[in-house]
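1. Prediction below, plus the sequence it came from.
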Amino acid sequence: MPTPVTVLGLGLMGTALASALLKAGHPATVWNRTAAKTGPLVARGAAPAGTVRDAITASPLVIVCLTTNDGVRSLLAPEAEALAGRTLVNLTNGTPAQARELADWAAARGITYIDGGIMAIPQMIATPAAYILYSGANETAFETHRPTLEALAASKWVGKDPGAAALYDLSLLTGMYGMVMGVVQAYALIGSAGVPAREFAPLLREWVGAMTDGLVPGMAEALDSGQHLTDVSSLGINQAALPNFLTAYAQAGISDELFRPLQGLLDRSVAAGHAADGLSRLTTLLKKEQGQG
């Protein structure tokens with residue numbers, strides 16, 4: 001028999017999660033601070049809960065998906081007694097430290113805590129393209145509920161450190177946002193000459209994909225081996241070339257605020273004697289020295 005599940009928080013993502021559970025045949029209880037948001041899900045068979053406590057006590061598995069982790073703590077703290085003995089899966093975006101703090105809070109109250117990072121947008125939930133990262137001290141509880149969680153997306157367990165899922169999540173999103181910044185700047189530059197974005201898009205997609213295919217594994221190998229020397233594109237070459245980009249942006253009448261910080265990092269890398277190294281060396285320079293703000 002499908003496991004009953006409670007979903008707390010019915011924003012775009014929470015609604016997508018609850019919808020996926022209903023589609024998979026799980027009895028779902030839903031709660032949202034704005035009760036009207038439960039309507040569409042109730043029409044599809046979900047049970048509405050009038051209070052957070054009613055929602056929690058309806059299921060052995062409670063999934064929470066709010067805007068911030070601060071909201072999770074304030075929402076659940078008064079209901080710790082009701083949560084005791086249940087499994088709490090927190091799919092709210094947050095930091096590793098927040099996940100660990102919530103895990104400690106839960107453990108002290110007899111609550112099994114699993115943290116999660118959703119690697120998808122709401123429209124991707126319950127499709128092959130989506131996956132969710134999970135971590136927590138109780139891997140057995142995760143495996144017990146894995147069949148239910150698989151209704152949402154493919155499940156990837158990343159360790160017993162409760163903060164691991166958030167760490168992986170934010171690291172992956174960091175790579176995505178870096179790509180977004182490059183794409184945004186590229187469209188601004190090409191657009192300054194009146195070139196339609198749709199015309200430029202196929203070239204940009206092909207180029208970014210080709211570069212990523214080699215860059216990601218190549219930098220990983222350099223970082224893990226400590227061998228940063230390159231005969232492809234050295235830091236010295238990139239330091240000399242970047243001013244051309246900044247000048248072109250200025251001449252095109254677009255901001256360089258996304259790219260100017262790279263100039264300082266390249267300058268620092270060359271000054272430190274790494275001119276012959278590849279871009280992987282920049283990763284080692286991002287670690288702040290003790291006492292540095």
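-> Now that the structure is in, tell me what you want to look at.

2. tell me what the helix or strand encompassing Val183 is packed against?
-> Val183 belongs to helix 164-191 when assigned by DSSP states H and E. Under the contact criterion of 3 or more C-beta pairs under 8 Å, 6 or more residues apart in numbering; DSSP states H and E, helix 164-191 touches helix 96-107, strand 112-119, strand 131-135, helix 197-225, helix 235-252. Any C-beta I mention is one placed from the backbone N, CA and C, and that applies to glycine too.

3. For the third one, which helices and strands make contact with it?
-> If I follow you right, that is strand 131-135. Going by 3+ C-beta pairs under 8 Å, 6+ apart, strand 131-135 lies up against strand 112-119, helix 139-149, strand 154-157, helix 164-191.

4. so Arg281 makes contact with Arg268?
-> No: between Arg281 and Arg268 there is no contact under C-beta atoms under 8 Å: 10.6 Å.

5. so what sits against both of those two?
-> When C-beta atoms under 8 Å, 6 or more residues apart in numbering defines a contact, no residue borders Arg281 and Arg268 alike.

6. In terms of neighbours, single out the busier of those two.
-> Applying other C-beta atoms under 10 Å to Arg281 and Arg268 shows that Arg281 carries more neighbours, namely 21 against 14.

7. Contact partners for that one?
-> By C-beta under 8 Å, 6+ apart, the contact set of Arg281 is 222, 228, 235, 269, 274.

8. let's see it at 10 Å
-> Neighbour list for Arg281: 219, 222-223, 228-230, 234-235, 269, 272, 274-275 [criterion: C-beta atoms under 10 Å, 6 or more residues apart in numbering].

9. Neighbour-wise, which one of the residues you listed leads?
-> Within the contacts of Arg281, neighbour counts (other C-beta under 10 Å) peak at Leu235, which reaches 26 neighbours.

10. where does the residue lying closest to it once chain neighbours are set aside land on pLDDT?
-> Of all residues not flanking Leu235 in the chain, Ser269 sits nearest, at 4.8 Å (C-beta to C-beta, 6 or more residues apart in numbering). In this model, Ser269 is scored at 96, pLDDT.

11. Ser269 is in contact with Ile237, isn't it?
-> No: applying C-beta atoms under 10 Å as the test, Ser269 and Ile237 come out as separate, 11.8 Å apart.

12. any residues in contact with both of those two?
-> Contacts common to Ser269 and Ile237, judged by C-beta under 10 Å, 6+ apart, are Ala275.

13. these two touch, right, Arg73 and Gln98?
-> Yes: counting by C-beta under 10 Å, Arg73 touches Gln98, with 8.5 Å between them.

14. On the three-state scheme, Ser255 is what?
-> What DSSP: H, G, I helix; E, B strand; the rest coil gives for Ser255 is coil.

15. show me the residues around it that make contact.
-> Taking C-beta under 10 Å, 6+ apart, we find Ser255 in contact with 185, 188, 249.

16. Give the buried residues for the worst-scoring helix or strand of the chain on mean pLDDT.
-> Sorted by mean pLDDT, DSSP states H and E, the helices and strands of the chain end with helix 69-76, the least confident at a mean of 93. Applying a neighbour-count criterion of 16 or more other C-beta atoms under 10 Å, one finds 69, 72, 75-76 buried in helix 69-76.

17. Next: stretch 114-124.
-> So, applying 16+ other C-beta under 10 Å, buried residues of stretch 114-124: 114-120.

18. Quick check, pLDDT for Gly293.
-> 48.

19. cool, and Ala186?
-> 98.

20. What residues does the closest residue to it other than its chain neighbours make contact with?
-> Take Ala186 and drop its neighbours on the chain: the residue closest to it by C-beta to C-beta, 6+ apart is Leu204, 5.8 Å away. Residues near Leu204 by C-beta under 10 Å, 6+ apart: 182-183, 186-187, 190, 197.
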